[in-house]
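Undergrad: Coordinates for the following, if possible.
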Amino acid sequence: MWPVIGVLLLRHAVGFATVMGGVMLWALAGLALQRMSRAWWANSRYRFTTWRLAKVMLALLVLGVILKIVMAGAG
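TA: The predicted model follows:
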């Protein structure tokens, strides 16, 4: 969670467009991916929770796409 918070804070920083901001962004993204992969492979409960939440998020995404198609057809 900390790398994601760091990315969000960095995105709202004034000097984000600098080269150093880009390097920090990639470093934080790498840390987040490293932690996520470690949690995924070392903890079986994490996989179960991730899959359960992913199904809910996928259902919401599909519902959003359907609503967008229906609203585009109605207009």
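Undergrad: average pLDDT across stretch 64-72?
TA: Across stretch 64-72, pLDDT averages out at 92.
Undergrad: Please apply the same query to stretch 52-60.
TA: Here stretch 52-60 scores 88 as its mean pLDDT.
Undergrad: Please apply the same query to stretch 28-43.
TA: 80.
Undergrad: Which segments of the protein make up each domain?
TA: For the chain, the structural domains run 1-42, 44-75, going by automatic domain parsing.
Undergrad: hey, which of the ones you listed is tucked in deepest?
TA: domain 1-42 (a mean of 12; mean count of other C-beta atoms under 10 Å). In short, each C-beta sits where N, CA and C put it, glycine included.
Undergrad: Now do the same for Ala13: helix, strand or coil?
TA: Following DSSP: H, G, I helix; E, B strand; the rest coil, Ala13 is assigned to coil.
Undergrad: What strand or helix carries the residue nearest to it when sequence neighbours are not counted?
TA: Of all residues not flanking Ala13 in the chain, Gly21 sits nearest, at 6.9 Å (C-beta to C-beta, 6 or more residues apart in numbering). Here Gly21, judged by DSSP states H and E, is contained in helix 19-42.
Undergrad: helices or strands next to that helix in the packing?
TA: helix 2-11, helix 44-74 (3 or more C-beta pairs under 8 Å, 6 or more residues apart in numbering; DSSP states H and E).
Undergrad: if I look at Met71, how far off is Arg38?
TA: In this view, Met71 and Arg38 are 41 Å apart by C-beta to C-beta, to the nearest Å.
Undergrad: And Leu31, by the same measure?
TA: Relative to Arg38, and taking C-beta to C-beta, Leu31 is found at 11 Å.
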